[in-house]
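Visitor: let me see the structure of the following:
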Amino acid sequence: MQARQSYWNFIAEAFESISIYDGEKAWLSGLRKFPEWVGDLLAVHWTMAEVENGGFRQFFLNSTGVVGPEAVRGFHRIGLPQAANLVQKAMLYLGPVYPRDRKKRERILSGKSKRSGGEQMSVIPKLFSKKLLPEREAQGRKAEKDPFEDLENQLFKMDKKVWRTMDVYARKQNAVQPIPEPFKRTGLSAREKLRPSSKTQGKGRKTETANPFLAMLDALKKQLVDEGQEATAEYRKHLREVRSKAPPLRFDLLPSSDTKWQEKLEAQALVAKLAAQGFQPAGTFAIQPGGKAVLTGFAHPQQGIHAALIHKGEKVFLGLVSRYADGRYFECTNVPVPFEPAYSNSHICQRRIGASFDELLKNLLRVRPKDSPLRATPDDFAAKVQEDYSRYQAWDAERGGATVKELRARFKAAGQLPTGDATKPFLDAARSDAAEKALCNWWRLQADAPFPLEKVVDSLVIIYDDLTPDQVANAYWCATDDYLKQADFPRGGAREVFAQVVKQRNATVRKLFEKRTPLLADFYLSTREIKA
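Guide: Coordinates of the predicted model:
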């Protein structure tokens, strides 16, 4: 007995030729080349394959989301209004007007959710800091669970019925409105011949028919792996760029011949007051690397104070510093900043915007300890300023960079902090970037580091306590190209989870260094690179 043709035989050419990857225009234009009933089947086919593979989230976040309206229409036309209603209800979570544009769907689905996860293989780095679920139906309340879960479960129960109905619909429609010869497919495609089949009974004889879902699933898996590899390559590139922007661990103050600042009346008045108080000139310096920032130094040996005139555009600002043998550092300055940076416990900074020299000096003498500070001389001005900077960078590297609280203040002051549901993913990503820079600098400071950082900066995997579950999964994918579903990652701390998955999967990365002071961190590298 000859096997009845599956719907796949009728849509194979449309599947090959109609692009879902180039947006709404390309999708609709491709559909017009075929009878409408072929488009119905193709849209239902894509929807079922995506939802059964990764749920409605994957369907909406992938390029396949462009077929949404045609899928609803297709389910109705093949005679499954219940399935059409499930897809329509899922689409309503994206708003009253369904967005065909993939980026718009990504933005809408970047809301909060109790259930972690996101697209399992594709768009990994672009969404590595997000939880890809919306809030409960326009009520402004956080969803207690994935709002798509019930809809998915109902659609899963209809699985066999959907595929059988599609077969029947395809044969009936082709009898009424046959596919034009150029698009007609007979027998199995090369793709189908390589795919699993399902057995059906017919008058006591077993025959084989192509299983369209498994056929599509194979193609989809390959597509997702390809997208995953491309996405992880993008993320590795992102890490290289972030790590390359780590602040230098030291700078040099080089003597400068720039005397333009002396022409400013404000600068002349400050120099006169410093001289009157017994401060001795230490020279003018350019900061390297960079070279644009210029400062002029002074020293008061008896009072143990270094003073720096900072030239910023047409303005001149002042900083006064006293240092102590135990590492304490007291600073009073009128340099304005958009946000106050963090300091170590040994660094006390009093910022008085608009304060005069006399007010700054009086304040420094009041807040610093009564015991004698270290002697300050013109000759050691440059060396001390360089040392101060290096100590700050070492402290920042040790703690793992700016905290989320500090980053929030920084971006808010700059007017760059997103609002609403976008705030947390934005800050998670910013915190990740800050930690990557700081921990790379920490590695550079370690005399016993197994490799120079520059040799492994592209491939080093850094796992630290502040990583979110999404970021841990993303780090694993990018380190191994092993696209383990995020739901299969165990719960726990970032370092514990990563180590456990590496062991269970016998991944091709090994821990080769660790940081055991806050921020705790583990450093991994490919086993091939370790051997090399």
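
Visitor: pLDDT below threshold where in the stretch 101-250 of the chain?
Guide: Under the criterion of pLDDT under 70, the regions of the stretch 101-250 of the chain flagged as low confidence span 111-145, 180-228.

Visitor: kindly apply the preceding question to the chain instead.
Guide: 1-4, 111-145, 180-228, 291-292, 532.

Visitor: got the domain boundaries for it?
Guide: 8-231, 252-399, 422-531 (automatic domain parsing).

Visitor: please enumerate the helices of the stretch 251-400 of the chain.
Guide: 265-276, 357-367, 381-399 (DSSP state H, counting those that start in this stretch).

Visitor: ranking these by burial, who's on top?
Guide: helix 381-399 (a mean of 18; mean count of other C-beta atoms under 10 Å). (Each C-beta comes from the backbone N, C-alpha and C, glycine too.)

Visitor: would you mark the buried spots in whichever helix or strand comes after that one?
Guide: The first helix or strand that comes after helix 381-399 along the chain, using DSSP states H and E, is helix 404-413. For helix 404-413, a neighbour-count test (16 or more other C-beta atoms under 10 Å) marks 406, 407, 408, 409, 410, 411 as buried.

Visitor: ditto for stretch 231-246
Guide: Result for stretch 231-246 [16+ other C-beta under 10 Å]: buried residues 231, 232, 235, 238, 239, 242, 243, 246.

Visitor: out of the domains of the chain, which comes closest to residue 415?
Guide: Closest to residue 415 of the domains of the chain, according to C-beta to C-beta: domain 252-399, at 9.5 Å.

Visitor: how long is that closest one from one end to the other?
Guide: Using C-alpha to C-alpha, to the nearest Å, the end-to-end distance of domain 252-399 comes out at 24 Å.

Visitor: and for residue 317, the neighbour number?
Guide: If you count neighbours by other C-beta atoms under 10 Å, residue 317 ends up with 17.

Visitor: what sits against it?
Guide: By C-beta atoms under 8 Å, 6 or more residues apart in numbering, the contact list for residue 317 reads 309, 310, 333, 334, 335, 336.

Visitor: how near is it to residue 6?
Guide: When distance is defined by C-beta to C-beta, to the nearest Å, residue 317 is 77 Å away from residue 6.

Visitor: now swap in residue 404 and tell me
Guide: Taking C-beta to C-beta, one finds residue 404 at 53 Å from residue 6.

Visitor: and for residue 267?
Guide: Distance from residue 267 to residue 6, by C-beta to C-beta: 85 Å.

Visitor: and residue 294, bridged to which residues?
Guide: Under DSSP bridges, the beta-bridge partners of residue 294 are residue 286, residue 311.

Visitor: ok now do it, which residues does it touch?
Guide: Residue 294 touches 256, 258, 261, 284, 285, 286, 287, 311, counting by C-beta under 8 Å, 6+ apart.

Visitor: nearest to residue 49, of these?
Guide: Ranked by distance to residue 49 (C-beta to C-beta), the contacts of residue 294 are led by residue 287 at 58.4 Å.

Visitor: surely that closest one meets residue 255?
Guide: No: with contact defined as C-beta atoms under 8 Å, residue 287 does not count as touching residue 255 (11.8 Å).

Visitor: which one's more surrounded, these two?
Guide: Just comparing residue 287 and residue 255: by other C-beta under 10 Å the higher neighbour count belongs to residue 287, 18 against 9.

Visitor: please name the nearest non-neighbouring residue to that one.
Guide: With C-beta to C-beta, 6 or more residues apart in numbering as the criterion, residue 287 has its nearest non-adjacent residue at 4.3 Å, and that residue is residue 293.

Visitor: give me every residue that touches the one you found.
Guide: So residue 293 contacts 286, 287, 310 (C-beta under 8 Å, 6+ apart).

Visitor: with residue 251 instead?
Guide: 287, 288, 289, 290, 386, 389.

Visitor: doesn't residue 254 make contact with the fifth one?
Guide: By that I understand residue 386. No: judged on C-beta under 8 Å, residue 386 makes no contact with residue 254 at a distance of 10.6 Å.

Visitor: for stretch 72-90, buried residues please.
Guide: 72-75, 77-78, 80, 83-84, 86-90.

Visitor: start and end of it, how far apart?
Guide: End-to-end distance of stretch 72-90: 11 Å, with C-alpha to C-alpha as the criterion.
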